[in-house]
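J.: Provide a 3D model corresponding to the input given below.
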Amino acid sequence: MGKHRLARTRRRTWWPAAAMAVPLAGLLSAAAGGHAHLDPFPDSRDATGWNTELVATAPNGPSGTHYRIPAADPPPLPASRAAHRIDPESLPPGVAPEAGLQVKTILAARAVSALFPEIMQIGGVRPDSMRWHPNGLAIDVMIPDYASPEGRALGDEIVEFVLANGDRFGLDHIIWRQTYYPRNGTPRPMADRGSDNANHYNHVHIATTGGGYPSGRTFLR
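T.: As a prediction, this is how the structure comes out:
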């Protein structure tokens, strides 16, 4: 995929991850037969799960320690953060092609698109010797100017955000800059595969457990 200058962003509908709390779209778990049914938004906004949020706080490298998912009834947010709360209905499809992706992968792709408008390209389903991309379990978040300090910092911030919200996304693993990040456990270096693309220097690879393929409409909560 093509390289983009880091200064280029999509139209900013969302504030930077370091300054906001974002309620995100919740996708129902897979129904019998391995397919998830996505239902319309319920009439009551007090439905179970409405207060589930992904909260982004100040980044500090890809450790997963500075992002959290509050309980169903979180404490009041500081005014500066609460002012930037986004209605969950404002989380539309992002830059990733969603055809063939499973529901947890779609949720991760939309969240990254929403929080990081610098991201112009996210790869989805493609042929591969591993099961992740062909089965709709993985996305590749292409990092603009990935060799620059700004590009590396952007990738680190995405890694931290996804790791910390791994339960919400059904995260299996992340690969970024020749390092493998399991959902739980210690990151480990990977063997040199010979190129920046193969070594995941130009993109963040995010793999999920899937959750089944979508059918029907989106259920936002």
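
J.: any idea where the helices of the chain begin and end?
T.: Along the chain, the segments classed as helices by DSSP state H run 79-82, 103-115, 149-164, 166-169.

J.: Please identify the most buried of these.
T.: A comparison of the helices of the chain by mean neighbour count, using mean count of other C-beta atoms under 10 Å, puts helix 103-115 on top with a mean of 25. Where C-beta positions appear, they are placed from N, C-alpha and C, glycine not excepted.

J.: what is the orientation angle of that one with helix 149-164?
T.: 140 degrees (axes from the mean of the first three to the mean of the last three C-alpha atoms, to 10 degrees).

J.: what's helix 103-115 packed up against?
T.: Using 3 or more C-beta pairs under 8 Å, 6 or more residues apart in numbering; DSSP states H and E, the elements in contact with helix 103-115 are strand 20-22, strand 122-123, strand 138-142, helix 149-164, helix 166-169, strand 203-208, strand 213-216.

J.: Indicate which one of those is closest to residue 103.
T.: strand 213-216 (5.3 Å; C-beta to C-beta).

J.: Mean confidence (pLDDT) on that closest one, please.
T.: Strand 213-216 carries an average pLDDT of 83.

J.: Tell me the helices and strands packed up against it.
T.: By 3+ C-beta pairs under 8 Å, 6+ apart, strand 213-216 packs against strand 35-38, helix 103-115.

J.: Serialize the ones you listed to a markdown table and add fields for distance to residue 193 and mean pLDDT.
T.: Shown next, in a markdown table, are the helices and strands packed on strand 213-216 (distance: least, C-beta to C-beta, whole Å; pLDDT from 0 to 100):
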| stretch | distance to residue 193 | mean pLDDT |
| --- | --- | --- |
| strand 35-38 | 33 | 38 |
| helix 103-115 | 23 | 95 |
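
J.: So which of the helices and strands packed on helix 103-115 is nearest residue 116?
T.: Between the helices and strands packed on helix 103-115, helix 149-164 lies closest to residue 116; by C-beta to C-beta that is 6.1 Å.

J.: which non-adjacent residue is nearest residue 101?
T.: residue 136 (4.3 Å; C-beta to C-beta, 6 or more residues apart in numbering).

J.: Pull the number of nearby residues for that neighbour.
T.: Here the number of neighbours of residue 136 (other C-beta atoms under 10 Å) works out to 25.

J.: measure it to residue 95 for me?
T.: Counting by C-beta to C-beta, to the nearest Å, the gap from residue 136 to residue 95 is 17 Å.

J.: pLDDT weak spots in this structure?
T.: 1-90, 216-221 (pLDDT under 70).

J.: Tell me who's in contact with residue 178.
T.: Residue 178 is in contact with 189, 190, 192, 199, 200, 201, counting by C-beta atoms under 8 Å, 6 or more residues apart in numbering.

J.: Can I get the buried ones among those as something I can paste into ChimeraX?
T.: Of the contacts of residue 178, the buried ones can be selected in ChimeraX as follows, counting by 16 or more other C-beta atoms under 10 Å:
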select :199,200,201
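
J.: Show me which of the contacts of residue 178 is closest to residue 149.
T.: For these, the nearest to residue 149 is residue 201 (13.6 Å; C-beta to C-beta).
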